[in-house]
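S.K.: Let me see the structure of the following:
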Amino acid sequence: MTINVLVVDDSAFMRKIIVDQITPLSGIEVCGIARSGEEALRLIPKYQPDVITLDIEMPGLNGLETLRLIKKDYDIPVIMLSSHAGEDITIEALELGAMDFIEKPQNLMKVEGDFAVELARKLRSIVESGVAQPVVGRVQKDRQFPTRVKAIVIGASTGGPRALMTLIRRIPAGLSIPIFIVQHMPAGFTRSFAKRLNQEAAVTVVEAEDGAVITGGTVYLAPGDCHLRIKDDQLSLSKESKIHGVRPAVDYLFESAAPFYRQELVGIILTGMGNDGAEGMAVIKEMGGYTIAQDQASSVVFGMPRRAIEANVIDEVASLNEIGERLNWMIKVKQWM
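M.R.: Next comes the predicted model:
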């Protein structure tokens with residue numbers, strides 16, 4: 001199967017960079033190039049692309065306006081190309097239905113290898129997400145949901161921002177336990193994302209800070225490019241090497257929270273590509289905590305939940321709406337200490 005990509009960017013140099021990165025990739029081809037949003041809308045019926053890469057900042061019909069019109073008429077995955085100057089707009093694009101985004105190289109004269117790797121991974125994962133595959137794994141259906149919960153940890157990647165926005169709106173103001181989130185996202189963008197979550201939430205959402213004392217009733221989002229761990233009653237950030245090709249990593253958060261909260265911890269793995277989170281879920285389960293994975297039907301990319309299910313470390317598989325109901329119930333019942 002060949003993945004056909006429509007590249008949309010007003011910069012001739014940036015178009016060339018993207019095309020040059022895609023050309024050597026097996027099974028992925030550039031089917032067309034558009035220099036503006038208006039041209040992109042004319043070319044979509046002609047080329048019928050599988051994926052569109054879309055620049056956020058363009059003259060005339062900008063990236064957000066183009067995205068709105070694409071999502072109105074087509075069900076084509078869109079990956080936004082964003083710069084640090086467009087962090088807030090990028091978060092808005094994800095809310096509007098963009099599947100994911102990639103940070104533009106800061107130095108266009110020196111494109112780092114990470115850009116090509118990330119572009120290839122996201123193109124492949126988004127298209128492969130549309131192919132249903134059987135899940136080989138065992139869910140521990142005999143486990144009862146815990147009546148005492150002291151903390152919740154959540155991990156997400158591709159599709160995560162929209163999923164987390166949905167969940168955050170379900171959390172009532174009576175939250176009295178901490179919630180910790182790792183969303184795969186570059187540095188700077190998590191600050192905008194935390195701000196946006198906080199605007200939508202009835203509780204306080206902040207970007208995690210190193211050494212901060214953990215407070216009940218607060219939602220902590222791991223900063224981009226920093227691993228987040230729980231050390232006793234404090235947050236710990238580090239810049240150590242990436243694992244699974246990402247930083248922050250879900251595994252580090254889950255593995256550090258499990259021995260601290262033990263059987264009173266709930267771990268949730270949401271939509272995302274790759275296998276980050278499966279090993280951390282295993283530690284949560286080993287320590288007696290309860291584990292939930294988002295189901296395939298409601299996941300944008302079923303990679304991370306699938307790996308955890310196939311590792312036999314999941315107690316419950318649920319839709320995004322069902323997970324939201326679980327969160328709401330946990331908080332309202334107030335049976336924790």
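S.K.: hey, let's count contacts and neighbours off CA atoms from now on
M.R.: Will do.
S.K.: Walking through the stretch 1-150 of the chain, point out its strands one by one.
M.R.: Assigned by DSSP state E, counting those that start in this stretch, the strands in the stretch 1-150 of the chain fall at 3-8, 28-34, 51-55, 78-82, 100-103.
S.K.: closest one to Gln144 among the ones you listed?
M.R.: When the strands of the stretch 1-150 of the chain are compared by C-alpha to C-alpha, strand 100-103 sits nearest Gln144, at 35.0 Å.
S.K.: what about Pro305, distance to Ser157?
M.R.: 10 Å (C-alpha to C-alpha, to the nearest Å).
S.K.: what touches both of those two?
M.R.: Residues touching both Pro305 and Ser157 by C-alpha atoms under 8 Å, 6 or more residues apart in numbering: Leu270, Thr271, Gly272.
S.K.: Please tell me which one of the residues you listed counts the most neighbours.
M.R.: Leu270 (34 neighbours; other C-alpha atoms under 10 Å).
S.K.: Check whether that one really touches Arg306, as I assumed.
M.R.: No: applying C-alpha atoms under 8 Å, one finds Leu270 not in contact with Arg306, separated by 9.8 Å.
S.K.: Output the below-cut-off pLDDT ranges for the stretch 1-150 of the chain.
M.R.: 84-85, 106-113, 128-138, 140-143 (pLDDT under 70).
S.K.: Report the contact partners of the spatially closest residue to Ala249 that is not a sequence neighbour.
M.R.: Computed as C-alpha to C-alpha, 6 or more residues apart in numbering, the closest residue to Ala249 that is not its neighbour in sequence is His227, at 6.0 Å. Taking C-alpha under 8 Å, 6+ apart, we find His227 in contact with Leu237, Ser238, Lys239, Glu240, Arg247, Pro248, Ala249, Tyr252, Leu253.
S.K.: same thing but at 6 Å, please
M.R.: His227 makes contact with Leu237, Ser238, Arg247, Pro248, Ala249, according to C-alpha atoms under 6 Å, 6 or more residues apart in numbering.
S.K.: Verify the stated contact: Ile171 with Asn328.
M.R.: Yes: the criterion here is C-alpha atoms under 6 Å, and Ile171 meets it with Asn328 at 5.5 Å.
S.K.: For Val266, pull up the helix or strand it's in.
M.R.: Under the criterion of DSSP states H and E, Val266 resides in strand 265-269.
S.K.: tell me the mean pLDDT for that strand?
M.R.: Averaged over strand 265-269, pLDDT sits at 97.
S.K.: Could you give the separation of that strand from the chain centroid?
M.R.: Here the centre of strand 265-269 is set off from its chain's centre by 16 Å, with C-alpha atoms, centre = their mean, to the nearest Å.
S.K.: Show me which positions of the helix or strand that that strand is followed by end up buried.
M.R.: Sequence order places helix 278-286 as the next helix or strand after strand 265-269, per DSSP H and E. Within helix 278-286, the residues that count as buried by 16 or more other C-alpha atoms under 10 Å are Ala278, Glu279, Gly280, Met281, Ala282, Val283, Ile284, Lys285.
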